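Enquirer: for reference, the sequence and a predicted model appear below.
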There are 2 protein chains.
Amino acid sequence: MRAVIPFKKSNAKSRLGALLSEKEREELAIAMLNDVAEALINSGCFEVVDVLSTSIIEVKGANIVLTEKGLNEALNEYLQKMSSHSINEPVLIIMADIPLVSINNIRDIVASRADIVIAPGRMGGTNALFIREPSSFHVDYYGASFLKHCEIARKNNLKLEVFDSFNLSTDIDEIEDLAEVLLHGKGQAAHYLKKLGFNIMENGGRVGVKRE
Amino acid sequence: MRAVIPFKKSNAKSRLGALLSEKEREELAIAMLNDVAEALINSGCFEVVDVLSTSIIEVKGANIVLTEKGLNEALNEYLQKMSSHSINEPVLIIMADIPLVSINNIRDIVASRADIVIAPGRMGGTNALFIREPSSFHVDYYGASFLKHCEIARKNNLKLEVFDSFNLSTDIDEIEDLAEVLLHGKGQAAHYLKKLGFNIMENGGRVGVKRE
């Protein structure tokens, strides 16, 4: 079984620009990537963990596969290459910006009996996608990718499971999302944000983040 | 085992005011309440399902317990009354605005071996709270209630489990939250929003909602 994490370092996480410099955003993106990779590797479920990256980086325990392509093209090429090399093992595609993911989350996903398992992100995204037979599926990210992936499974007569997880649904894009990392994170991303001086702020009914 | 849902009908869901009239917001709030109550009742886990409400309403299969108190005061009084009547059965406190909750979510929470199970809401909230011994705990909602409830459990030496669920984390407060109901909901709230003409809208990278 293998796992693949698509990753783009350059101008990473631009919507965090109000509180983080470009260098800090890149470092946060790499910390989150490492949290995801660590959960994958420590789950013990995968013979291969690949990071599909647009630039040279280093991630402990993972292979870096360089690509210049966009997300959909790079992943579909990856799936096709597996098929054309007759590597018909299951593959888990997982986003690099979901640092709350746990070892148990990973084990629970790959223990599913379904052909396709989708862990939705908020607002229609797809944050993890388990594909039992890579030759039977293609990805279509952006927009309401959750609905698109459900439809691709249906059209190909594949048995689908929707995986219900707050951890997996929590992709970090906006300033307010950092609160989730500070509230629930235990890995490198949470540590990095605290080192930069980020803290939970209570403002009446809801919480926010502040940087000291 | 019993379950209790706090509910406030008057001026419900004011942050949805831009796209929904007051009457529609109340009807949506009641549809969501019914979705939550239905999951509780159909789970078969509870002898009693109470709705702790500030006004007279009707919810199939549930008792209405009228109160004029605020959320924390009403719930802590409820817990105290259980204790003083020597009703030491476990209780699940669950919010009325999480219409994605499933029967399996409910069964999984109450199957926990922990003393306290917390299902976090986004941004530090507490959307479900399972208390094995009502006399051993008190609630403290608003703000970062997730952290406060973890701390109350720790101080009382209670074994805590954090329940990881996207369904349970998704409380419906803001216009953009309606997208989650339209994307993932199958109950009365999703039906009601579609009846009002709400639809998913794709605008570039993310999805939103529109009303026709």
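Expert: Ah, there it is.

Enquirer: contacts and neighbour counts: CA atoms only from here.
Expert: Will do.

Enquirer: so where's chain A shaky on pLDDT?
Expert: Low-confidence segments of chain A (pLDDT under 70): A:204-205.

Enquirer: near chain B, which residues of it show up?
Expert: A:122-125, A:142-144, A:147, A:164-167, A:169, A:176-177, A:179-180, A:183, A:202-208 (C-alpha under 8 Å from any C-alpha of the partner chain).

Enquirer: only whichever of those are buried, select them in PyMOL.
Expert: Those of the residues of chain A next to chain B that count as buried under 16 or more other C-alpha atoms under 10 Å in any protein chain shown are selected in PyMOL with:
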select buried, chain A and resi 122+123+124+125+142+143+144+147+164+165+166+167+169+177+179+180+183+207+208
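
Enquirer: out of the residues of chain A next to chain B, which are inside strands?
Expert: Counting by DSSP state E, the part of the residues of chain A next to chain B found in strands is A:202-203, A:206-208.

Enquirer: can you list the residue ranges for helices in chain A?
Expert: For chain A, the helices defined by DSSP state H occupy A:22-43, A:71-84, A:103-110, A:145-155, A:166-169, A:178-184, A:188-195.

Enquirer: for the first one, buried residues please.
Expert: Meaning helix A:22-43. So, applying 16+ other C-alpha under 10 Å, buried residues of helix A:22-43: A:22, A:24-41.

Enquirer: gap between the residue positioned nearest the centre of chain A and A:Lys13?
Expert: Centroid check for chain A by C-alpha atoms, centre = their mean gives A:Met95 as the closest residue, at 1.5 Å. The spacing between A:Met95 and A:Lys13, counted by C-alpha to C-alpha, to the nearest Å, is 13 Å.

Enquirer: returning to that earlier point: which of the helices of chain A sits closest to A:Ile116?
Expert: helix A:145-155 (7.0 Å; C-alpha to C-alpha).

Enquirer: counting contacts, what elements does the closest one pack onto?
Expert: With contacts taken as 3 or more C-alpha pairs under 8 Å, 6 or more residues apart in numbering or on different chains; DSSP states H and E, helix A:145-155 sits against strand A:116-120, strand A:160-162.

Enquirer: tell me which strands and helices the longest one is in contact with?
Expert: In terms of contacts (3+ C-alpha pairs under 8 Å, 6+ apart), strand A:116-120 is packed against strand A:126-131, helix A:145-155, strand A:160-162, helix A:166-169.

Enquirer: relative to strand A:126-131, how tilted is it?
Expert: For strand A:116-120 against strand A:126-131, the angle by axes from the mean of the first three to the mean of the last three C-alpha atoms, to 10 degrees is 170 degrees.

Enquirer: hmm, back to that, tell me the most buried of the helices and strands packed on helix A:145-155?
Expert: Among these, ranked by average contacts under mean count of other C-alpha atoms under 10 Å in any protein chain shown, first place goes to strand A:116-120 (a mean of 25).

Enquirer: and the angle from that strand to helix A:103-110?
Expert: Using the same axes, to 10 degrees: strand A:116-120 against helix A:103-110 is 140 degrees.

Enquirer: neighbouring strands for strand A:116-120, and are they parallel or not?
Expert: With DSSP bridges as the test, strand A:116-120 is paired with strand A:126-131 (antiparallel), strand A:160-162 (parallel).

Enquirer: and the shortest one, how far out from the chain middle?
Expert: Strand A:160-162 sits 17 Å away from the centroid of its parent chain (C-alpha atoms, centre = their mean, to the nearest Å).

Enquirer: got the contact list for it?
Expert: For strand A:160-162, the surrounding residues in contact (C-alpha atoms under 8 Å, 6 or more residues apart in numbering or on different chains) are A:112, A:114-120, A:150, A:153-154.

Enquirer: so can I have CSV of the residues you listed showing distance to B:Ile56?
Expert: Below are the contacts of strand A:160-162 laid out as CSV (distance: C-alpha to C-alpha, whole Å):
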residue, distance to B:Ile56
A:Ser112, 44
A:Ala114, 45
A:Asp115, 47
A:Ile116, 45
A:Val117, 43
A:Ile118, 41
A:Ala119, 39
A:Pro120, 37
A:Cys150, 41
A:Ala153, 45
A:Arg154, 44
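
Enquirer: from those residues, which is closest to chain B?
Expert: Distance to chain B, by C-alpha to the nearest C-alpha, is smallest for A:Pro120 among the contacts of strand A:160-162, at 8.4 Å.

Enquirer: roughly how far does that closest one sit from A:Ala62?
Expert: Distance, A:Pro120 to A:Ala62, by C-alpha to C-alpha: 24 Å.

Enquirer: repeat for A:Arg211
Expert: Here the criterion is C-alpha to C-alpha. By it, A:Arg211 lies 32 Å from A:Ala62.

Enquirer: comparing the two, which shows the higher neighbour count?
Expert: More crowded of A:Arg211 and A:Ala62, by other C-alpha atoms under 10 Å in any protein chain shown: A:Ala62, with 19 against 13.

Enquirer: what's near enough to touch that one?
Expert: Contacts of A:Ala62 (C-alpha under 8 Å, 6+ apart): A:37, A:48-51.

Enquirer: tell me which two of those sit farthest apart.
Expert: A:Ala37 and A:Val48 (11.0 Å).

Enquirer: surely A:Met1 meets A:Glu47?
Expert: Yes. Between A:Met1 and A:Glu47 there is a contact under C-alpha atoms under 8 Å: 5.9 Å.

Enquirer: who has more neighbours, the two?
Expert: Counted by other C-alpha under 10 Å, A:Met1 and A:Glu47 do not tie: A:Met1 has more neighbours, with 15 against 9.

Enquirer: now do the more buried one against chain B, distance only.
Expert: Between A:Met1 and chain B the computed distance is 25 Å (C-alpha to the nearest C-alpha, to the nearest Å).
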